[in-house]
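Trainee: Please find the sequence and the predicted model below.
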Amino acid sequence: MKLFITAAFAASLLASPAPAQQMQGHQHGATPPAPGAPAATGGPTFKAGSLVIDTPWTRATPKGAQVAGGFMRITNTGAAPDKLLGGSFPLSKRFEVHEMSVIDGMMKMRPVEGGLVIPPGATVELKPGSYHVMMIDLTQPVEQGAPIKGVLKFEKAGEVSVDYAVAKIGAAAPDAAANKPKP
Ligand SMILES: [Cu+2]
């Protein structure tokens, strides 16, 4: 499998997600989350069957970039596991579900074989440096502005339409401003 990624993009994916983690832990903090449940990230949520998809976001890409990453939290409120199998994005020819792992001392990304399992009662976080969806072979740059509608495909919940807020190039976390409802 060959991925066409730029060095800059790879570097941005490898950038530490720690600041995002901290932000998510400390912002939007009016109601403390239940034990084990992550705090809401402040963006829109999308429901399908027993799944709740929280704050899908992507980031703007530099001109000529071939790929973009997409991130979100997926919570399974049901009693049975589901799987994120793939989906589609209007600005890319291909769409894959990826994981990142250290192989021979190098951080690499690869498709999640068989789909990303969302266990019952669990929240799976797709974030920079970890699981993500990857839009491959972009037909045009991803630009900030209106959210971009995409489709996620789950084994049980089926196809779900979501809106990705677009953060700036290389952002480590969703842009709070981009998630505010438009007046
Ligand atoms: Cu990837």
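Mentor: Received, thanks.

Trainee: Every contact and neighbour count from this point should use C-alpha atoms.
Mentor: Will do.

Trainee: Work out for me the element the residue positioned nearest the centre of the chain sits within.
Mentor: Centroid check for the chain by Cα atoms, centre = their mean gives residue 71 as the closest residue, at 1.2 Å. Assigned by DSSP states H and E, residue 71 belongs to strand 67-76.

Trainee: How about that strand and the ion, touching?
Mentor: No: Strand 67-76 stays clear of the ion (Cα under 5 Å from the ion), getting no nearer than 6.5 Å.

Trainee: So in that sheet, which strands flank that strand, and in what orientation?
Mentor: strand 51-59 (antiparallel), strand 123-126 (antiparallel), strand 132-138 (antiparallel) (DSSP bridges).

Trainee: Quick one: mean pLDDT over that strand.
Mentor: What strand 67-76 shows for mean pLDDT is 97.

Trainee: For residue 162, find the nearest of the strands paired with strand 67-76.
Mentor: strand 51-59 (7.1 Å; Cα to Cα).

Trainee: And for the closest one, what's in contact with it?
Mentor: Residues from elsewhere that reach strand 51-59 (Cα atoms under 8 Å, 6 or more residues apart in numbering): 40-47, 68-78, 142-144, 157, 162-171, 174, 179.

Trainee: Name the next helix or strand following the strand holding residue 71 along the chain.
Mentor: Next element after strand 67-76 (DSSP H and E): strand 82-88.

Trainee: quick one: contacts of that following strand?
Mentor: The contact list for strand 82-88, computed with Cα under 8 Å, 6+ apart, reads 76, 94-97, 114-120, 133, 135, 150-157, 159.

Trainee: Out of the residues you listed, which end up buried?
Mentor: Buried subset of the contacts of strand 82-88 (neighbour count, 16 or more other Cα atoms under 10 Å): 76, 94-97, 115-120, 133, 135, 150-154, 156-157, 159.

Trainee: Name the single longest strand found in this structure.
Mentor: For the chain, the longest strand by residue count, based on DSSP state E, is strand 92-103.

Trainee: Quick one: mean pLDDT for the helix or strand following that strand?
Mentor: Downstream of strand 92-103, the next assigned helix or strand under DSSP H and E is strand 106-111. The average pLDDT within strand 106-111 is 92.
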